[in-house]
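>>> Compute the structure for the input listed below.
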Amino acid sequence: MWEEISRNLCKKVSDTFLWEHLHIFCGGSPHPSGSKENYGIADFVGKCWEEWGWPIVDRQEFYVTLPFGPPENGPWNEVVLTNFDCTEVIHRAENSVTIPSTLENSQPVNVGNLINHQLPVYQAYSCSGEAFGNFIFVNYARRKDLLLFDKLQGRQEGEPSLICDRSFIVIARLGNGTRQSKLKNLLKHCSCGQNNTPLPDHHPGALVLYPDPHDFAVDDIVYPDGKGLPGDAPVFGHMNMKYSGGGDSTCIGFPSLPHIYRTDTLVQGDALTQIPVQPVGYNDAKVFLSYLNGPTVPDDWGACLSTHVGPSSNTFLRVIVRNEVSKNPVRLCNIIGVMPGENTSTSTESDHYVIMGNHHDAWVQGACDPGSGMIILQQIAQILGEAYCNGFRPRRTIILCSWDGEEFSVLGSTHFVHKSEYELLSRSVVYINSDCPIKGHKKFSARTDNLLVDSLLKVAKLVPVDPPINMQSFYDEWLNSQNDGLYEPVVIVESRHLVADQIIYLLPTA
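As a prediction, this is how the structure comes out:
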């Protein structure tokens with residue numbers, strides 16, 4: 001029965017629908033959390049779901065204090081390479097991205113009607129501040145990288161490390177750990193007071209992060225001709241130092257509601273970083289790293305842009321971060337669609353929830369993240385809404401969620417989980433996250449909980465690859481692409497099924 005329903009629903013997938021909605025979500029101006037453009041996206045999603053027949057659509061507004069970048073009208077953040085006495089600027093990193101975009105976000109667009117938007121580059125949750133001095137390279141800033149750096153410098157036990165000197169600026173590449181872990185490793189490496197406590201000013205002056213092409217453009221043609229990251233593209237992200245699990249750091253463990261007591265955590269050394277942090281693209285990083293002297297990069301660090309670990313000798317970096325924190329709480333909005341289940345003579349699970357979600361906020365325009373996931377969520381909402389209007393009733397309650405504030409530390413989904421904690425603990429069956437499902441078209445890979453492996457393989461047998469041109473099942477093409485003489489495709493298994501005391505922390509990113 002369900003196989004027949006599934007096949008009929010799959011036939012309603014429309015490439016025209018997906019294309020139009022991708023332009024609506026990603027063809028307009030940048031829509032980060034807290035912007036009027038992003039609220040317009042949320043409102044558009046809610047209106048669509050109501051129009052498509054979803055019986056319950058809830059606009060779940062909540063208010064949070066957000067760590068923004070520098071003022072839109074400037075001055076913006078800076079990373080500048082100078083000579084030893086600052087009389088000459090050798091290189092200045094790009095401190096903004098220019099985005100060609102259409103005029104509107106929330107309605108079908110004419111893609112030929114383009115305007116340019118400039119967006120300042122920043123690291124969310126970085127404190128403001130200024131640093132100036134020689135610079136060094138510490139690979140991924142893992143603990144073993146920092147220890148090897150000290151060894152290369154000939155540091156003896158009891159001697160200070162260059163890493164722990166405010167007159168030095170650290171350059172590290174992204175990957176092999178979160179942004180927070182890199183900074184925490186640096187600070188912990190420099191905690192040499194009594195009982196390994198930090199000493200005042202015993203840390204680097206600033207941290208510069210960049211995406212190395214050996215990690216972000218491996219064997220790939222760069223965008224727009226391929227999916228490799230271009231050299232002028234910094235990677236936006238957050239460094240919430242207070243709450244590694246995500247959520248509003250001012251009310252940890254509670255929803256972001258007006259009556260909840262808040263603490264002022266968006267200060268330097270708490271939720272904000274202890275030292276300034278700024279991202280740059282790898283074109284700029286390549287210039288900076290070319291001025292390093294000192295020991296050569298060890299083989300253990302693998303291929304990277306740098307040939308030496310430093311320090312620089314006659315050149316200095318100046319890092320200026322001018323980030324701001326919102327003066328007042330900012331309105332964010334989750335969209336929650338509910339299709340109630342209906343008990344039958346053979347099923348009494350209508351009070352069990354099957355939840356699927358994705359976020360609608362983006363650092364810039366968000367074609368992959370979150371656009372590719374949002375158009376899938378929209379298509380599912382449209383197909384199920386139409387089926388509901390024609391009499392379809394699911395056995396279990398289906399909940400679709402369009403989250404806000406994900407890029408600022410999964411604020412929206414965590415708020416939802418804290419707000420509905422006990423209901424979710426007792427009724428949730430599964431959460432399917434559709435963030436970043438499409439990154440090019442070279443290969444397909446699957447990663448899921450071991451409880452869902454069989455379901456994934458069954459569904460793959462029902463879905464044609466590219467109807468009506470290619471009616472081969474997705475399962476067969478997937479198996480053939482692996483070309484390993486296997487009996488079934490390989491699924492990467494991550495044990496993410498939740499017990500009662502874990503769901504509150506894992507549901508937002510499961």
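
>>> Let me see the contact set for the residue nearest the centre of the chain.
Nearest to the geometric centre of the chain sits residue 407, at 5.4 Å (Cα atoms, centre = their mean). Residues in contact with residue 407 (Cβ atoms under 8 Å, 6 or more residues apart in numbering) are 32-33, 124, 236-238, 359, 361-363. Heads up, the C-betas are built off the backbone N, CA and C, glycines and all.

>>> Include secondary structure and distance to residue 48 when you put the residues you listed into JSON lines, please.
Formatted as JSON lines, the contacts of residue 407 follow (DSSP: H, G, I helix; E, B strand; the rest coil; distance: Cβ to Cβ, whole Å):
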{"residue": "32", "secondary structure": "coil", "distance to residue 48": "21"}
{"residue": "33", "secondary structure": "coil", "distance to residue 48": "20"}
{"residue": "124", "secondary structure": "strand", "distance to residue 48": "29"}
{"residue": "236", "secondary structure": "coil", "distance to residue 48": "27"}
{"residue": "237", "secondary structure": "coil", "distance to residue 48": "29"}
{"residue": "238", "secondary structure": "strand", "distance to residue 48": "28"}
{"residue": "359", "secondary structure": "strand", "distance to residue 48": "16"}
{"residue": "361", "secondary structure": "coil", "distance to residue 48": "17"}
{"residue": "362", "secondary structure": "coil", "distance to residue 48": "18"}
{"residue": "363", "secondary structure": "coil", "distance to residue 48": "23"}
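
>>> For the residue lying farthest from the centre of the chain, give its distance to residue 388.
Ranked by distance from the centre of the chain (Cα atoms, centre = their mean), the top residue is residue 345, with 43.7 Å. Remark: distance between residue 345 and residue 388 (Cβ to Cβ, to the nearest Å) = 21 Å.

>>> Check residue 15 too.
Taking Cβ to Cβ, one finds residue 15 at 23 Å from residue 388.

>>> So what does the residue farthest from the centre of the chain look like in phi/psi?
The phi/psi pair for residue 345 (degrees, to the nearest 10) reads phi -70, psi -20.

>>> quick check, residue 354 in a helix?
No. Using DSSP: H, G, I helix; E, B strand; the rest coil, the secondary structure at residue 354 is strand, not a helix.

>>> Is it correct that it is in contact with residue 395?
No. Using Cβ atoms under 8 Å, residue 354 is not in contact with residue 395, being 9.5 Å away.

>>> Could you give the number of residues near the nearest residue to residue 167 once chain neighbours are set aside?
Spatially, and ignoring its direct neighbours in sequence, residue 167 is nearest to residue 133 (4.0 Å; Cβ to Cβ, 6 or more residues apart in numbering). The local packing of residue 133 (other Cβ atoms under 10 Å) involves 19 other residues.

>>> before we move on, what about residue 82?
Residue 82, neighbours per other Cβ under 10 Å, totals 17.

>>> That one is in what secondary structure piece?
Here residue 82 sits within strand 78-83, counting by DSSP states H and E.

>>> Show me which parts of that strand are buried, residue by residue.
78-82 (16 or more other Cβ atoms under 10 Å).

>>> I would like the residues contacting stretch 256-276, please.
Here stretch 256-276 has contacts from 62-65, 67, 123, 125-131, 183, 187, 203-207, 239-243, 248-251, 254, 319-321, 325, 411, 415, 419, using Cβ under 8 Å, 6+ apart.

>>> if we can go back for a sec, what's the residue nearest to residue 167 in contact with, if anything?
165-169, 205, 316-317.

>>> what about residue 18, how many residues close to it?
Residue 18, neighbours per other Cβ under 10 Å, totals 15.

>>> Do a quick rundown of the helices in the stretch 401-510 of the chain.
Secondary structure of the stretch 401-510 of the chain by DSSP state H, counting those that start in this stretch: the helices cover 411-419, 421-427, 453-462, 474-482, 503-506.

>>> try the stretch 1-150 of the chain
According to DSSP H, counting those that start in this stretch, the helices that the stretch 1-150 of the chain contains are 2-10, 15-26, 36-51, 143-152.

>>> wait, which of those is closest to residue 230?
For residue 230, the closest of those is helix 15-26, at 17.0 Å, according to Cβ to Cβ.

>>> So which elements touch the closest one?
Here helix 15-26 is seen to pack against helix 373-389 when contacts are counted using 3 or more Cβ pairs under 8 Å, 6 or more residues apart in numbering; DSSP states H and E.

>>> Not counting its own residues, what contacts the helix it packs on?
Here helix 373-389 has contacts from 9, 12-14, 17-18, 21-22, 25, 45, 48-49, 52-55, 337, 339, 356-358, 360, 392, 398, 400, 402, 434-438, using Cβ under 8 Å, 6+ apart.

>>> quick one: buried residues of that helix?
Those would be 373-385, 387-388, for helix 373-389 by 16+ other Cβ under 10 Å.

>>> now do stretch 278-295
For stretch 278-295, by 16+ other Cβ under 10 Å, it's 278-289, 291-292, 294.

>>> From these, pick the one nearest residue 461.
For the buried residues of stretch 278-295, the nearest to residue 461 is residue 282 (41.7 Å; Cβ to Cβ).

>>> Over to that closest one: give its phi and psi.
Per degrees, to the nearest 10, the backbone of residue 282 is at phi -80, psi -20.

>>> Tell me how far residue 130 lies from residue 302.
For residue 130, the distance to residue 302 - Cβ to Cβ - is 33 Å.

>>> Then residue 235?
Counting by Cβ to Cβ - residue 235 and residue 302 are separated by 19 Å.

>>> tell me the contacts of the closest residue to residue 409 other than its chain neighbours?
Distances taken as Cβ to Cβ, 6+ apart place residue 240 nearest to residue 409, at 4.1 Å, with adjacent residues excluded. Residue 240 is in contact with 124-125, 180, 246, 249, 271, 408-409, counting by Cβ under 8 Å, 6+ apart.

>>> again, only this time at 7 Å
Applying Cβ atoms under 7 Å, 6 or more residues apart in numbering, we find residue 240 in contact with 125, 249, 271, 409.

>>> what's the answer for residue 491, then?
446, 448, 453, 456.

>>> So for the third one, what's the nearest residue that isn't a sequence neighbour?
For residue 453, ignoring the flanking residues on the chain, the nearest one in space by Cβ to Cβ, 6+ apart is residue 491 at 5.1 Å.
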